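*Asks:* I'll drop the sequence and a predicted model, then ask my questions.
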Amino acid sequence: MPTSTTVLPIHSSLPKASQIAFGCMGLGGSWDNSPIDNGLINHAEAAVHSAVENGINFFDHADIYTMGKAELCFGEVLKRQPQLRSNIYIQSKCGIRFEDATAPGRYDFSAQWLETSVDGILQRLGIEYLDVLALHRPDPLMELDELATTLRALKAAGKYNHLGVSNMNAHQIQYLQSALDMPLIVNQVELSLVRREHFEFGVAPCIDPQIDASFAGTLQHCQTKGIQLQSWGSLAQGLYCGRGDNSEHANIRETSQLVATLAGEYQVTKEAIVLAWLLRHSANIQAIIGTANPDRIKACAQATQVKLSREHWYQLLVSARGQALP
């Protein structure tokens, strides 16, 4: 199935990355240290097969996903299908540390932790390099020069091709980029019909008083600098694809009904309409889906067949807001 593409990659023999990306957090089973088995590997293989069959060639990992088991399962899939590696992009993120006996959950961009993390990622996946290495969440104790030196060394060692970040605002990206001699090409942030603040900053008052205004301008900064925006939480856990049909909140019920109506009009799935809302934006957002269900992966892939009209895009925005634009 043909699929729309992103601005990625920079300098690669591969075709451009698909605009729908497969988020691998759903692989590996439970979030504990239990071993993987053939059942989990078969589950991962079915999900990966469905993604590739439906035009998805970009796979997003993180070293923390199911305690590293997501990468282990994916690595086993690559062992079964070694030809797959040369036809896909693999991205992984690091920098988050779980609570342990000595410290709480925290973020860590120290040289020792990053080096250990990247080596662990490559070992679990059974690959020599990542297409994209991303820093998962900002570390307030980041030593900029140390981080830049570490990233240069990892790049020189051939452990990744391109560098990105996740959950960073424009100011944090600019600060990090100031010490690097390579471009940051990805920023992965939460974007969906529920998390609309990146679209609403400077356009309409944010309804949620807890919205972090420090992210104002991040979308525009990424567009200006050619940084690929990736959206995590793209489907808002299925809120408008059935889960919210009986919600106590009228705007959620009404938005779910609107999504269903538009799915009928465009002759696609409800998942496709929710994702198409993101893809319609001029930022050329790469939407990451988190489902590992082969049928739902196929349903999501239909989003690339849809270009919402301006009127329908705004209908969804206003409905999800629960009030008219000012």
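*Replies:* Received the coordinates, thanks. Numbers count the residues shown, from 1 in each chain.
*Asks:* Pull the distance from the worst-scoring helix or strand of the chain on mean pLDDT to the chain's centre.
*Replies:* The helix or strand of the chain with the poorest confidence is helix 197-200; it has a mean of 88 (mean pLDDT, DSSP states H and E). Centroid separation between helix 197-200 and its chain, computed with Cα atoms, centre = their mean, to the nearest Å, is 17 Å.
*Asks:* let's have the chain start at 496 instead
*Replies:* Will do, 496 is the new start, and the previous item becomes helix 692-695.
*Asks:* other SSEs contacting that helix?
*Replies:* If contacts are counted by 3 or more Cβ pairs under 8 Å, 6 or more residues apart in numbering; DSSP states H and E, helix 692-695 sits against helix 713-720. C-beta coordinates here come from the backbone N, C-alpha and C atoms, glycine included.
*Asks:* Can you list the strands that the next helix or strand after the helix it packs on pairs with?
*Replies:* With elements assigned by DSSP states H and E, the helix or strand that comes after helix 713-720 is strand 723-727. Paired with strand 723-727 in the same sheet, following DSSP bridges, are strand 679-685 (parallel), strand 781-784 (parallel).
*Asks:* How many residues are close by the nearest residue to L714 once chain neighbours are set aside?
*Replies:* Leaving aside its sequence neighbours, L714 sits nearest to H693 (Cβ to Cβ, 6 or more residues apart in numbering; 4.5 Å). By other Cβ atoms under 10 Å, 22 other residues sit near H693.
*Asks:* Can you name the residues that contact H693?
*Replies:* Applying Cβ atoms under 8 Å, 6 or more residues apart in numbering to H693 gives the contacts 684, 686, 710, 713-714.
*Asks:* So which of those wins on neighbours?
*Replies:* Of these, with other Cβ under 10 Å as the count, L686 tops at 26 neighbours.
*Asks:* Pretty sure that residue sits against I780.
*Replies:* Yes: look at L686 against I780 with Cβ atoms under 8 Å: they come within range, at 6.5 Å.
*Asks:* Need the overlap of contacts for the two.
*Replies:* Shared contacts of L686 and I780, counting by Cβ under 8 Å, 6+ apart, come down to 724, 726, 773.
*Asks:* just for the stretch 646-795 of the chain, where's the confidence low?
*Replies:* For the stretch 646-795 of the chain, applying pLDDT under 70 flags the ranges 701-706.
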